[in-house]
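Any chance you could fold what I've pasted below:
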Amino acid sequence: MDPKNLTFSGHLGELRRALTISGLAIVVGFGVAVGFSDYLDRALRWPIEGLLPEGTEPVFLGIFEPIFYRLKLGLIGGILLASPVIFQQLWWFVSPGLTARERRLALPFVFVATGAFLGGAAFCYFLILPQATEFAVGTMVENTQLILSMQGYLGTASSFVLAFGLVFETPVLVVLLAALGLVTTRGLARVRKYVLLLCFIVGAVITPTPDPFNQAIVAVPMYALYELGVLGAWLVGKRKRQNAGQTD
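A predicted model of the protein is given here:
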């Protein structure tokens, strides 16, 4: 992309191009993931192993649910597989607002952003989902039986996984905004207490258990990611000042 100033229609054209390429990458990833949907199904069942009453299995509640279930598995897998291309296109779209030296960081950005997204998804899958499912089953009242719809479970589980993947993008987003000059380290520092409060509110909402320990499991990493972003923004600002001094 030419770093020169673009018209509004030009920016829309560049955005359309980035969205098109990202969409095509998701489609390709979707095709691959559908082919491995049996393995994805086994992975999805891991957090609920041993929680259902003995002799019961998850069920489909409609004749077409198995089809939509596999398609949704493919979509989630496709998004995960296409994440490097998506972040590459994001960088490509915003790079005109960066300096020539900053634009050279495209590969590190794609690597870090993809790692953060997949790391957040893994954090949710291995830590949050097992606790959430165990707590949900434990809240059942007496004389009731759980019939688990795989379609419904997939919708909830995928929402959790993708949400945590996006949450783990916090430091990447903060650094990117700082590089574009939209936020400053001083401004980020002034809202620390509000961010900390917001992290615990989010932790209380999405944590499966009401005790403070499990809320902290979610809130503390979220706040740590914010502080990591503030540190990255400070480094970006320091480099910009050094470059400005060299130019002068």
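
ok, longest helix in this structure?
Taking DSSP state H as the criterion, the chain has its longest helix at helix 212-247.

what is the mean pLDDT for it?
Averaged across helix 212-247, the pLDDT comes to 79.

Check which residues of it are buried.
214-215, 217-219, 221-223, 225-230, 232-234, 236-237, 240 (16 or more other CB atoms under 10 Å). (Each C-beta comes from the backbone N, C-alpha and C, glycine too.)

from the middle of its chain, how far away would the lowest-mean-pLDDT helix or strand in the chain be?
Sorting the helices and strands of the chain by mean pLDDT, DSSP states H and E puts helix 100-103 at the bottom, at a mean of 73. Chain-centre distance of helix 100-103: 26 Å, with CA atoms, centre = their mean, to the nearest Å.

Report the next helix or strand after that helix in sequence order.
Counting by DSSP states H and E, the next helix or strand C-terminal to helix 100-103 is helix 106-123.

which residues touch that following helix?
80, 83-84, 87-88, 90-92, 95, 161-162, 164-169, 171-172, 176, 221 (CB atoms under 8 Å, 6 or more residues apart in numbering).

Just the buried residues from the residues you listed, in PyMOL please.
Restricted to buried positions by 16+ other CB under 10 Å, the PyMOL selection for the contacts of helix 106-123 reads:
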select buried, resi 80+83+84+87+88+90+91+92+95+161+162+164+165+167+168+169+171+172+176+221
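
Show me the contacts of helix 106-123 that map onto helices.
Within these, residues falling in helices by DSSP H are 80, 83-84, 87-88, 90-92, 161-162, 164-167, 171-172, 176, 221.

Contacts only, for Leu80.
In this structure, Leu80 makes contact with 29, 33, 118, 121, judged by CB under 8 Å, 6+ apart.

Redo those residues as JSON lines? Include neighbour count, pLDDT and distance to Val112.
Listed next are the contacts of Leu80 as JSON lines, based on neighbours: other CB atoms under 10 Å; pLDDT from 0 to 100; distance: CB to CB, whole Å:
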{"residue": "Gly29", "neighbour count": "22", "pLDDT": "96", "distance to Val112": "20"}
{"residue": "Ala33", "neighbour count": "24", "pLDDT": "95", "distance to Val112": "24"}
{"residue": "Leu118", "neighbour count": "15", "pLDDT": "94", "distance to Val112": "11"}
{"residue": "Ala121", "neighbour count": "23", "pLDDT": "92", "distance to Val112": "15"}
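
Return the closest of those residues with respect to Leu12.
Gly29 (25.6 Å; CB to CB).

Might one say that the closest one is in contact with Leu81?
Yes: between Gly29 and Leu81 there is a contact at 3.4 Å, judged by CB atoms under 8 Å.

I'd like the distance between Arg45 and Leu148.
10 Å (CB to CB, to the nearest Å).

shared neighbours of those two, anything?
Contact criterion CB under 8 Å, 6+ apart; residues shared by Arg45 and Leu148: Pro58.
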